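S.K.: This is the structure alone, sequence omitted:
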Ligand SMILES: *Cc1c(COP(=O)(O)O)cnc(C)c1O
């Protein structure tokens, strides 16, 4: 494979950079997410280099793709800001040492408390998902005696041509305001005390491989910027969102060089600071989910390889029918046709269906590839399973960056005394 994923066979054993995955399994157990810092850095640099023709550029990592503090710290080192969607992500970005002014806050359901938290922290831009949110933000800013800087998020009604569950720019999507209403809303919000509008934001979806819908959306934004300026608005920033896709099999990733060239071409007359917010492109290839085969259960057409990672640890296959490569940590050259499934009591807890995979046996270690984005960040304790551990590797060292936590510790349980009494009655 041409891309540098940070995970490769060395001798007989799959390594994360210089560390054998078997060593991590021994030290930390399974299932465990393992990230390669070098792979993160390489993707961040590739992205920045591809966008270097843009004169004023500000890059923000989409924290929801991977909010681990260690991951955010690597990206802070690479001079990325943060694109956040909650107060919790704001806390994470600040804890990772990111500059508040480099933070962009998107999301369709920000609470008044979260808006206040963002203002107090000095977040660079709040992306307004509707007129009402702008009114609440302005009122909150006045009440706190702080200024709010914001962008208005537009829904350009362009279909990103990606999975329906990760499309955000069509007219039936909850995100942003319709293009037709944009000027009226911008006019009214720009007059609000406490609120300074700097421009426009757009984000049409994720895992986008075809640049045409992105270009179509950006062109509509360009026209809107011109129209707003004609009405006297001062537009200094445009946030183009994220969305560039990666390949999960063995083809090429979304063409980042072509993306950079397209953005430079479409925006050359805009005279603004451009903000771009990649998530998946930066992190997807930089992580694997290390797992152990619990047993191989015979099946009608082919066997079930039951692994100790489930849909609670990695939701993407159940949620989006996503494909993740399955590979043995110590492959022996043989293959088998099998279903790869997790232990969770749901039929959708399946990672591969009748797929040709490395031959594995009970007790073997294996990985699911390309899970650095939208992997651990979506993990849950469903089935009262532990919250999955995470490890960062750089060179020949590794560290646990998030320990495995028992479900009971994540959500401490309380039984009201009136229920306990009831239970005792039954026991008697
Ligand atoms: C999720 C999201 C991103 C990142 O999307 P990727 O497909 O991971 O690049 C960027 N901006 C906004 C507003 C988002 O919601």
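M.R.: Looks like it came in fine. Quantities reported herein were computed from a predicted structural model and do not represent experimental measurements. Numbers count the residues shown, from 1 in each chain.

S.K.: Going by C-alpha atoms from here, please, whenever you check contacts or count neighbours.
M.R.: Will do.

S.K.: can you give me the helices in the chain?
M.R.: Per DSSP state H, the chain carries helices over the ranges 21-28, 37-50, 69-77, 87-95, 112-121, 131-144, 179-190, 211-230, 256-266, 280-283, 316-320, 407-410, 417-427.

S.K.: Of all those helices, which one comes closest to the ligand?
M.R.: helix 280-283 (3.8 Å; Cα to the nearest ligand atom).

S.K.: In contact with the residue nearest to residue 333 when sequence neighbours are not counted, which residues?
M.R.: In this structure, residue 333 finds its nearest non-sequential neighbour in residue 358, 7.1 Å apart by Cα to Cα, 6 or more residues apart in numbering. The neighbours of residue 358, taking Cα atoms under 8 Å, 6 or more residues apart in numbering as the test, are 326, 327, 328, 331, 332, 333, 334, 335, 336.

S.K.: got it, and residue 282?
M.R.: 40, 43, 44, 47, 61.

S.K.: Of those, just the buried ones, ChimeraX syntax please.
M.R.: Those of the contacts of residue 282 that count as buried under 16 or more other Cα atoms under 10 Å are selected in ChimeraX with:
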select :40,43,44,47,61
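
S.K.: Flag every residue of this protein that's near the ligand.
M.R.: By Cα under 6 Å from any ligand atom, the residues of the chain that approach the ligand are 62, 65, 106, 203, 206-207, 241-244, 277-281.

S.K.: most neighbours, which of those?
M.R.: Sorting these by how many neighbours each has (other Cα atoms under 10 Å) puts residue 62 first, at 32 neighbours.

S.K.: For it, which residues are in contact?
M.R.: 82, 83, 84, 242, 277, 278, 279.

S.K.: what's the fifth one sitting at in phi/psi?
M.R.: I take that to be residue 277. With angles defined as degrees, to the nearest 10, residue 277 sits at phi -130, psi 70.

S.K.: Can you tell me how far the closest residue to residue 264 other than its chain neighbours is from residue 259?
M.R.: Among residues not flanking residue 264 along the chain, residue 54 sits closest, at 5.6 Å (Cα to Cα, 6+ apart). Applying Cα to Cα, to the nearest Å, the value for residue 54 to residue 259 is 12 Å.

S.K.: Pick out whichever of those two has more residues nearby.
M.R.: For residue 54 versus residue 259, neighbours defined as other Cα under 10 Å are more numerous around residue 259 (21 against 18).

S.K.: any low-confidence regions in the stretch 151-300 of the chain?
M.R.: Within the stretch 151-300 of the chain, no stretch has pLDDT under 70.

S.K.: hang on, the earlier thing: could you dump the helices of the chain into TSV with distance to residue 398 added?
M.R.: What follows is those, written out as TSV (distance: least, Cα to Cα, whole Å):
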stretch	distance to residue 398
helix 21-28	8
helix 37-50	10
helix 69-77	12
helix 87-95	21
helix 112-121	32
helix 131-144	43
helix 179-190	48
helix 211-230	37
helix 256-266	30
helix 280-283	18
helix 316-320	26
helix 407-410	25
helix 417-427	46
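
S.K.: so which of these is the most packed in?
M.R.: Neighbour counts (mean count of other Cα atoms under 10 Å) averaged over each of these peak at helix 280-283, with a mean of 29.

S.K.: what about residue 339, neighbour count?
M.R.: Quick note: residue 339 (other Cα under 10 Å) scores 23 neighbours.

S.K.: Surely it is in contact with residue 357?
M.R.: No - at 9.1 Å, residue 339 and residue 357 do not qualify as touching, with contact defined as Cα atoms under 8 Å.

S.K.: so who does the closest residue in space to residue 147 that isn't next to it in sequence touch?
M.R.: Closest residue to residue 147 apart from its sequence neighbours, by Cα to Cα, 6+ apart: residue 194 at 5.2 Å. Residue 194 sits next to 138, 139, 141, 142, 146, 147, 148 when contact means Cα under 8 Å, 6+ apart.

S.K.: cool, and residue 223?
M.R.: For residue 223, no contacting residues are found, by Cα under 8 Å, 6+ apart.

S.K.: what do you get if the cut-off is 10 Å, keeping everything else the same?
M.R.: If a contact means Cα atoms under 10 Å, 6 or more residues apart in numbering, then residue 223 has 229, 270 as its contacts.

S.K.: Give me the pLDDT value at the nearest residue to residue 34 once chain neighbours are set aside.
M.R.: Closest residue to residue 34 apart from its sequence neighbours, by Cα to Cα, 6+ apart: residue 391 at 4.8 Å. For residue 391, the pLDDT comes out at 98.

S.K.: tell me, how many neighbours does residue 391 end up with?
M.R.: Residue 391 - counted by other Cα under 10 Å - has 20 other residues nearby.

S.K.: looking at it, it is touching residue 19, isn't it?
M.R.: No - the pair residue 391 / residue 19 is not scored as a contact, 11.3 Å apart, by Cα atoms under 10 Å.

S.K.: Find residues that contact each of the two.
M.R.: Common neighbours of residue 391 and residue 19 (Cα under 10 Å, 6+ apart) are residue 398.

S.K.: circling back: arrange the contacts of residue 282 in TSV, one row each, with distance to residue 172 and pLDDT as further columns.
M.R.: Formatted as TSV, the contacts of residue 282 follow (distance: Cα to Cα, whole Å; pLDDT from 0 to 100):
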residue	distance to residue 172	pLDDT
40	34	98
43	33	98
44	33	98
47	31	98
61	26	98
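
S.K.: quick one: which of the contacts of residue 282 is nearest residue 236?
M.R.: residue 61 (20.7 Å; Cα to Cα).

S.K.: next one: the longest strand seen in the chain to chain centre, how far?
M.R.: The strand that spans the most residues within the chain, counting by DSSP state E, is strand 287-297. Put simply, strand 287-297 sits 23 Å off its chain's centre (Cα atoms, centre = their mean, to the nearest Å).

S.K.: buried stuff in that strand?
M.R.: For strand 287-297, using 16+ other Cα under 10 Å, the buried residues are 287, 288, 289, 290, 291, 292, 293, 294, 295, 296.

S.K.: tell me the angle that strand makes with helix 37-50.
M.R.: With axes from the mean of the first three to the mean of the last three Cα atoms, to 10 degrees applied, the angle from strand 287-297 to helix 37-50 works out at 130 degrees.

S.K.: Spatially nearest residue to residue 159, not counting backbone neighbours?
M.R.: Here the residue nearest residue 159, using Cα to Cα, 6+ apart, is residue 170, at 5.6 Å.

S.K.: Pull out the buried positions in stretch 269-279.
M.R.: Within stretch 269-279, the residues that count as buried by 16+ other Cα under 10 Å are 270, 272, 273, 274, 275, 276, 277, 278, 279.
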